[in-house]
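In: just to be clear, the model below is a prediction. Sequence and coordinates:
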Amino acid sequence: MMNHARPPTILCVDDNPTALQTRKLLLEHAGYSVISATNAAAALQLFKSQTIDLVISDHLLADRTGAEITREMKRHRSFVPMMLLSGVVERPSDSDHADAFITKGEDPVELLKKVADLLRCDRISGGNYFAEIRCDHRSEPPIWHFTIQHVRSPEILNGARPPPRIRPYVRRSSRCAT
């Protein structure tokens with residue numbers, strides 16, 4: 001039996017349906033699988049129940065800010081990259097946890113480049129564990145992050161019973177080679 005890798009799944013969050021649909025079409029055309037949410041509650045529910053590889057959230061939503069919901073998502077799955085996008089030019093002060101920030105006025109090619117870069121990290125999965133190694137370039141000098149976590153997704157477990165919940169082990173150490 002041949003194992004076909006699934007395309008990366010991106011959760012897009014925006015309360016503007018036109019902007020959401022445009023972003024979804026752009027990302028799907030680039031080969032990604034896209035799940036959409038128009039509010040924070042729906043986004044959090046999808047994030048907790050689906051296998052998500054990247055989150056792209058508008059910052060200024062009607063019910064909460066994108067920084068608030070992506071921070072909450074990071075608490076559940078720290079290894080999933082988060083991208084905030086906004087109509088404002090400056091990065092929000094409460095978005096230090098986000099892996100990337102992009103303005104809505106930037107070229108769609110720049111969005112696709114940042115998406116590809118965030119999804120490029122080295123990931124290893126086997127059995128009931130998931131490991132990720134990534135270099136965080138937001139600090140000077142950059143820092144390597146290592147994450148090992150029990151897999152809880154029914155898709156990955158192929159219907160097997162998920163293991164007991166164990167907090168993720170995250171080790172932040174070493175400096176990245178620049």
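Out: That came in fine, so what should we check first?

In: could you use CA atoms for every contact and neighbour count after this?
Out: Will do.

In: lowest average confidence, helix or strand, in this protein?
Out: helix 154-157 (a mean of 43; mean pLDDT, DSSP states H and E).

In: what does stretch 87-94 contact?
Out: A67, F101, T103, K104, G105 (Cα atoms under 8 Å, 6 or more residues apart in numbering).

In: relative to Q50, which of the residues you listed is nearest.
Out: For those, the minimum distance to Q50 (Cα to Cα) is 20.2 Å, reached by A67.

In: contacts for the one helix or strand the closest one maps to, please.
Out: A67 is located in helix 66-76, with elements delineated by DSSP states H and E. Residues outside helix 66-76 that contact it (Cα under 8 Å, 6+ apart): 40, 44, 47-48, 55, 57-60, 80, 82, 84, 92, 94-95, 97-98.

In: what about 10 Å?
Out: 13-14, 39-41, 43-44, 47-48, 55-61, 65, 78-86, 92-98, 167-168 (Cα atoms under 10 Å, 6 or more residues apart in numbering).

In: V89: which element?
Out: Here V89 is assigned to no helix or strand, by DSSP H and E.

In: for the chain, what spans make up the helices?
Out: 17-29, 40-49, 66-76, 108-119, 154-157 (DSSP state H).

In: now the first one: mean pLDDT?
Out: Read it as helix 17-29. For helix 17-29, the mean pLDDT works out to 94.

In: any residues touching that helix, and which ones?
Out: So helix 17-29 is contacted by 7, 9-14, 30-38, 56-58, 104, 108-109, 111-112, 115 (Cα under 10 Å, 6+ apart).

In: would you tell me which of the helices of the chain gets closest to P141?
Out: Judging the helices of the chain by Cα to Cα, what sits closest to P141 is helix 108-119, at 18.5 Å.

In: any stretches of this protein with poor pLDDT?
Out: Across the chain, the ranges flagged by pLDDT under 70 are 1-5, 121-139, 143-178.

In: of the contacts of stretch 87-94, buried ones?
Out: In the contacts of stretch 87-94, burial by neighbour count holds for A67, F101, T103, K104, counting by 16 or more other Cα atoms under 10 Å.
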